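Student: Below are the sequence and a predicted model; questions follow.
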Amino acid sequence: MRLFKMPADSRQWLAVMNFFMADVRDGLGAFLGVYLLAQSWQADEIGYVMTIGGLATMVAGIPAGALMDRTHAKRLWLSVCAILMVVGCLVLLLWHSFAAIALSQAATGVVRAMIGPAIASISLGLVGSKYLSRQLGQNEAWSHAGSLVSVSVAGVLGYFWGLSAVFMLLAVMAVLALLCIRRIRPQEIDYHAARGLESHAAVSDSSRAVWKALLQSRPLLMLACIMMLFHLANAAMLPLLGQTMVSQGLVNASLFTALTVMIAQLVMIPMALLAGRYAEQFSYERLVTLALLALPVRVVIASTWNSPWAVVPVQLLDGVGAGLLGVALPGLVAKMLQGSGHFNVGLGFVLTIQGLGAALSPAMAGWVAQRYGYAMSFTLLTGVAVLAILLWWQQARQTAAQSAAGLQAGA
């Protein structure tokens with residue numbers, strides 16, 4: 001199985017690096033909620049501090065993408081991200097004040113904004129657009145495998161030594177990611193291809209040219225809006241489910257959190273590999289459709305089945321959605337902006353807008369849960385998820401109509 005083959009070149013070291021960066025991207029949010037709950041934080045306070053991290057990701061997203069378009073020092077910036085994660089973990093361990101946690105979340109939010117465009121940029125530069133989906137599938141599969149392993153270890157560590165051990169593990173994983181980054185050879189990266197150019201054609205990096213490229217792409221704008229709604233409904237799901245179970249004393253916080261993440265990651269690994277292998281034939285658009293459809297189903301299950309066993313179907317569906325989107329989203333953006341030279345800033349733009357939804361989601365859900373109960377909060381999330389599907393369906397209809405009109409005009 002190629003996923004576990006020993007790395008021999010930069011592409012494979014890049015994929016393996018995702019193993020150690022995994023908890024930086026995916027796992028911290030779930031543990032952070034129950035960690036702060038154990039420190040006697042209230043639901044709305046947890047929502048606020050997680051929102052600060054999300055807002056930092058949102059603010060840094062477009063500049064991070066623009067930086068990745070321009071710079072050749074992509075490995076250096078990935079290394080900076082890993083180092084900042086170690087610092088952020090130390091802050092979480094040593095200080096529990098609102099200001100300290102908010103500051104650490106702001107810093108790690110900036111890191112998360114840079115990681116996505118940086119990895120996508122190096123991937124495109126190493127393999128080109130023709131093989132991008134397969135590299136993205138490999139990256140995502142290693143990433144989810146990393147989450148699975150780290151969460152398994154973290155669950156055991158947290159059970160015996162408390163949730164603080166989780167953040168020690170994150171710091172160790174960040175150091176190992178640094179070693180992988182060092183093995184990626186910069187001379188193997190095509191820096192023109194890495195920004196979406198098919199040749200060495202000149203491209204303007206002025207703010208006006210960048211914004212013109214972004215704002216004139218209606219499909220890109222619609223994709224950003226739909227992803228914002230998706231994450232507005234999705235980001236609060238797992239923390240809210242965990243808080244519901246923990247507040248009723250139905251589960252152990254450490255083991256439950258580990259279990260929720262493990263189930264999803266087990267599904268994400270094959271889904272990412274399948275998406276990477278068949279994205280070109282099946283189309284990135286259909287992968288996005290499947291991911292969108294899974295969300296309202298899992299929210300309804302979480303809100304109507306008051307049992308720890310609800311986590312099984314809820315997280316199975318989470319694995320389907322996240323596994324598909326991890327490949328489909330950067331692939332779709334690369335397809336939309338092919339030849340523009342602004343792929344990374346375009347990806348940063350979409351991630352920024354979707355980050356707005358992810359940032360507001362915990363605060364919105366926490367505020368509603370604190371005042372009207374968890375059931376009302378889940379109902380609100382369901383409505384937002386359905387709205388995202390309706391907009392995607394409308395966008396697909398317009399795209400199909402424009403394609404048909406283009407064919408008739410050319411006939």
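Tutor: Thanks, I have it. Residues are numbered from 1 along each chain as shown.
Student: residue contacts, L124?
Tutor: 132, 193-196, 334, 343 (Cβ atoms under 8 Å, 6 or more residues apart in numbering). The way it works is simple: take the backbone N, C-alpha and C, and place the C-beta from them, glycine included.
Student: Quick check: helices, which of the residues you listed are part of them?
Tutor: The members of the contacts of L124 that map onto helices under DSSP state H are 132, 334, 343.
Student: where does this protein dip in pLDDT?
Tutor: Across the chain, the ranges flagged by pLDDT under 70 are 1-8, 23-31, 163, 199-201, 247, 249-255, 257-258, 403, 406-411.
Student: can you give me the strands in it?
Tutor: Counting by DSSP state E, the chain forms no strands at all.
Student: picking up where we left off before, top of the contacts of L124 by neighbour count?
Tutor: F343 (31 neighbours; other Cβ atoms under 10 Å).
Student: Next, find the distance separating that one from S206.
Tutor: 17 Å (Cβ to Cβ, to the nearest Å).
Student: picking that back up, closest one of the ones in helices among the contacts of L124 to L55?
Tutor: Nearest to L55 among those is F343, at 24.5 Å by Cβ to Cβ.
Student: what's the closest non-adjacent residue to the closest one?
Tutor: Excluding the flanking residues, the one nearest F343 by Cβ to Cβ, 6 or more residues apart in numbering is G196, at 3.1 Å.
Student: shouldn't the one you found be in contact with L337?
Tutor: Yes - here G196 reaches L337: they are 5.3 Å apart, a contact under Cβ atoms under 8 Å.
Student: any residues in contact with both of these two?
Tutor: Common neighbours of G196 and L337 are listed as 343, 346 (criterion: Cβ under 8 Å, 6+ apart).
Student: What segments of the stretch 151-300 of the chain are helices?
Tutor: With helices called from DSSP state H, counting those that start in this stretch, the stretch 151-300 of the chain shows them at 164-183, 207-215, 218-234, 237-247, 253-282, 284-304.
Student: Turn those into TSV, columns for mean neighbour count.
Tutor: Shown next, in TSV, are the helices of the stretch 151-300 of the chain (neighbours: other Cβ atoms under 10 Å):
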stretch	mean neighbour count
helix 164-183	19
helix 207-215	15
helix 218-234	22
helix 237-247	22
helix 253-282	21
helix 284-304	20
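Student: Quickly check the contacts of L124 for the two that are furthest apart.
Tutor: The widest separation within the contacts of L124 (Cβ to Cβ) is 13.0 Å, between L132 and R195.
Student: For the lengthiest helix in the chain, list every residue counted as buried.
Tutor: Scanning the chain for the longest helix, with DSSP H as the assignment, gives helix 374-410. By neighbour count with 16 or more other Cβ atoms under 10 Å, helix 374-410 contains the buried residues 374, 377-378, 380-382, 384-389, 391-392, 395.
Student: what is the orientation angle of that helix with helix 284-304?
Tutor: In terms of direction (axes from the mean of the first three to the mean of the last three Cα atoms, to 10 degrees), helix 374-410 departs from helix 284-304 by 160 degrees.
Student: ok now do the residue lying closest to P63 once chain neighbours are set aside, which residues does it touch?
Tutor: The spatial neighbour of P63 that comes closest, neighbours along the chain excluded (Cβ to Cβ, 6+ apart), is G348 at 7.6 Å. By Cβ under 8 Å, 6+ apart, the contact set of G348 is 61-66, 68, 113, 116-117.
Student: Identify, from those residues, the entry nearest to V149.
Tutor: Of the contacts of G348, the one sitting nearest to V149 (Cβ to Cβ) turns out to be G116, at 21.2 Å.
Student: burial of that closest one, as a residue count?
Tutor: 24.
Student: so it makes contact with T352?
Tutor: No - with contacts counted by Cβ under 8 Å, G116 stays clear of T352, the gap being 10.3 Å.
Student: The longest helix of the chain: how far from the chain's middle?
Tutor: 21 Å (Cα atoms, centre = their mean, to the nearest Å).
Student: same thing with stretch 303-316?
Tutor: For stretch 303-316, the separation from the chain centroid amounts to 22 Å (computed by Cα atoms, centre = their mean).
Student: Give me the buried positions along that stretch.
Tutor: Buried positions in stretch 303-316, judged by neighbour count with 16+ other Cβ under 10 Å: 303, 308, 310-311, 314-316.
Student: Adding distance to V86, write these out as JSON lines.
Tutor: Output for the buried residues of stretch 303-316, formatted as JSON lines (distance: Cβ to Cβ, whole Å):
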{"residue": "S303", "distance to V86": "37"}
{"residue": "P308", "distance to V86": "33"}
{"residue": "A310", "distance to V86": "35"}
{"residue": "V311", "distance to V86": "30"}
{"residue": "V314", "distance to V86": "32"}
{"residue": "Q315", "distance to V86": "28"}
{"residue": "L316", "distance to V86": "33"}
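Student: Among the residues you listed, which one lies nearest to V175?
Tutor: Distances from V175 to those, taken by Cβ to Cβ, are shortest for Q315, at 28.7 Å.
Student: so that closest one touches M268, yeah?
Tutor: No - Q315 is beyond contact range of M268, at 9.9 Å (criterion: Cβ under 8 Å).
Student: okay if I get the helices of the stretch 151-300 of the chain as a markdown table plus distance to L103?
Tutor: Listed next are the helices of the stretch 151-300 of the chain as a markdown table, based on distance: least, Cβ to Cβ, whole Å:
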| stretch | distance to L103 |
| --- | --- |
| helix 164-183 | 15 |
| helix 207-215 | 29 |
| helix 218-234 | 23 |
| helix 237-247 | 20 |
| helix 253-282 | 23 |
| helix 284-304 | 32 |
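Student: closest one to A100 among these?
Tutor: Among these, helix 164-183 sits nearest to A100 (Cβ to Cβ), with 13.2 Å.
Student: counting contacts, what elements does that closest one pack onto?
Tutor: When contacts are defined as 3 or more Cβ pairs under 8 Å, 6 or more residues apart in numbering; DSSP states H and E, helix 164-183 packs onto helix 10-22, helix 28-38, helix 74-94, helix 132-161.
Student: Tabulate the CA atom coordinates of that helix in PDB.
Tutor: Only the C-alpha atoms of helix 164-183 are listed here, as PDB (Å, rounded to 0.1, in the frame of the first residue of the first chain):
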ATOM      1  CA  SER A 164      -2.400  18.600  29.200                       C
ATOM      2  CA  ALA A 165      -0.500  15.600  27.800                       C
ATOM      3  CA  VAL A 166      -2.400  16.100  24.500                       C
ATOM      4  CA  PHE A 167      -0.700  19.400  23.900                       C
ATOM      5  CA  MET A 168       2.800  18.000  24.800                       C
ATOM      6  CA  LEU A 169       2.100  15.400  22.000                       C
ATOM      7  CA  LEU A 170       1.200  18.200  19.500                       C
ATOM      8  CA  ALA A 171       4.600  19.900  20.200                       C
ATOM      9  CA  VAL A 172       6.500  16.600  19.500                       C
ATOM     10  CA  MET A 173       4.600  16.100  16.300                       C
ATOM     11  CA  ALA A 174       5.500  19.600  15.100                       C
ATOM     12  CA  VAL A 175       9.200  19.000  15.700                       C
ATOM     13  CA  LEU A 176       9.000  15.800  13.600                       C
ATOM     14  CA  ALA A 177       7.300  17.700  10.800                       C
ATOM     15  CA  LEU A 178      10.300  20.000  10.700                       C
ATOM     16  CA  LEU A 179      12.500  17.000   9.900                       C
ATOM     17  CA  CYS A 180      10.300  16.100   7.000                       C
ATOM     18  CA  ILE A 181      10.200  19.600   5.600                       C
ATOM     19  CA  ARG A 182      14.000  19.500   5.500                       C
ATOM     20  CA  ARG A 183      14.000  16.500   3.200                       C
END
